[in-house]
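>>> I need the structure of the sequence given here:
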Amino acid sequence: MNLARDTDSAAMLARLGTIIAARTVGNEDRESGIPNLSFYRRENRTEPCACLVEPSLVLVVQGSKQMLVGDQHYPYNAEHFLLTAIDLPASSQVLEASQDTPCLGMVLRLDLSIMNELIAQGGLCPPPERPAGGQCMAQGKVTPSLLDAFCRLLALLDQPQHLAVLGPLIQREIHYRLLVSEQASRLWHILSAGSNSQRIARAIDWLKTHYTEPLTIDELASRAQMSPSSLHHHFRQLTAMSPLQYVKWLRLNEARRLMLNDGLEAATAAFRVGYESPSQFSREYGRLFGLPPKRDISQMTRQSA
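All right, here's what the predicted structure looks like:
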């Protein structure tokens, strides 16, 4: 054990925690003021909550959380970050948090184009090993060099005159450190031109903006330049869902948002996200969220009051 390095890491985690805590009082989620970086704060343990995870690095500096994708669990804490390489439907759960010691952390949205630039500029060679497991989510070890980069990035909040110039440079450094980390093979798998993972990523990008439209697997396979059977296999391998299940997840979560935030009736929200049958919408909504739409929204409204 390197005692000096452990002491340095603990000090950096404490510094990051102080900054995040001061800027999230009274908030669960808050944009940091630095592009592509947001903070979160949770003061209680939670049940799994559905979310769509973008390509991102999620760092916990205090407390612990886990992400659930299909039947896979990905716990992460101050020692292990969470890395996601494509947009994944998942459920987030807070495991350790209290009002006195809240769960604190941050999410850095990754820019895969920056990683491609870094590979080209640095002449990096792809890792020899393929990523373990098929899904594009994994835990990685938090290193002192990664913590140091985040400390320097968050220090710019008190130096706004330098943020526009130094902020992007430090974010590029973080992207680079991921490319040479133990999870590099997972990122390279997505970045590799012509790979099945990249084709699935393109299909997901299309689905995110066309999920209200009727979907045929043949059309999606054609857009991904894959056979329907290959598309189905690799899509499920990466996301733990079939393409049709993915679209259904997008539709139901958007409908839930429309009812909760915009006050839409269930039938109106159903039509808005692409359902033709309100009864089918209610059945599928209940299977995903455990309650029919009206009762679910009423319960969520009471809990947030």
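>>> where does the protein have low pLDDT?
Where the chain drops to pLDDT under 70, the residues are 1-5, 128-135, 193-194, 305.
>>> tell me where this structure has helices.
Assigned by DSSP state H, the chain shows helices spanning 3-23, 112-122, 144-155, 160-179, 184-191, 196-210, 217-224, 228-239, 243-262, 266-272, 278-289, 293-304.
>>> which residues sit against the third one?
Meaning helix 144-155. Under the criterion C-beta atoms under 8 Å, 6 or more residues apart in numbering, residues 5, 8-9, 12-13, 15-16, 19-20, 32, 34, 37, 59, 81, 106, 166-167, 170-171, 173-174, 177, 181 lie in contact with helix 144-155. For the C-beta atoms, the positions are set from N, CA and C on the backbone; glycine is no exception.
>>> output that helix as CSV, nothing but the C-alphas.
Extracted in CSV, the C-alpha atoms of helix 144-155 (Å, rounded to 0.1, in the frame of the first residue of the first chain):
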residue,chain,number,x,y,z
PRO,A,144,-4.8,10.0,-8.0
SER,A,145,-4.0,11.4,-11.4
LEU,A,146,-7.8,11.4,-12.3
LEU,A,147,-8.7,13.0,-9.0
ASP,A,148,-6.0,15.6,-9.5
ALA,A,149,-7.4,16.5,-12.9
PHE,A,150,-10.9,16.9,-11.5
CYS,A,151,-9.5,19.1,-8.6
ARG,A,152,-7.9,21.4,-11.1
LEU,A,153,-11.1,21.5,-13.2
LEU,A,154,-13.3,22.4,-10.2
ALA,A,155,-10.8,24.9,-9.0
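>>> now do it: distance to the chain's middle.
Computed by C-alpha atoms, centre = their mean, to the nearest Å, the chain-centroid distance of helix 144-155 equals 20 Å.
>>> return the set of buried residues in it.
By neighbour count with 16 or more other C-beta atoms under 10 Å, helix 144-155 contains the buried residues Leu146, Leu147, Asp148, Ala149, Phe150, Cys151, Leu153, Leu154.
>>> need these in CSV with distance to Asn196, can you?
CSV is the format used below for the buried residues of helix 144-155 (distance: C-beta to C-beta, whole Å):
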residue, distance to Asn196
Leu146, 29
Leu147, 34
Asp148, 36
Ala149, 32
Phe150, 33
Cys151, 38
Leu153, 34
Leu154, 37
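>>> nearest to Gln225, of these?
The closest of the buried residues of helix 144-155 to Gln225 turns out to be Leu146 (C-beta to C-beta; 35.6 Å).
>>> for the closest one, give its distance to Leu13.
For Leu146, the distance to Leu13 equals 11 Å [C-beta to C-beta, to the nearest Å].
>>> Gly33 now?
Distance, Gly33 to Leu13, by C-beta to C-beta: 21 Å.
>>> quick one: which of these two has more around it?
A side-by-side neighbour count of Gly33 and Leu13, using other C-beta atoms under 10 Å, places Leu13 first with 21 against 15.
>>> okay, how far is it across stretch 235-253, tip to tip?
For stretch 235-253, the first-to-last residue distance is 20 Å (C-alpha to C-alpha, to the nearest Å).
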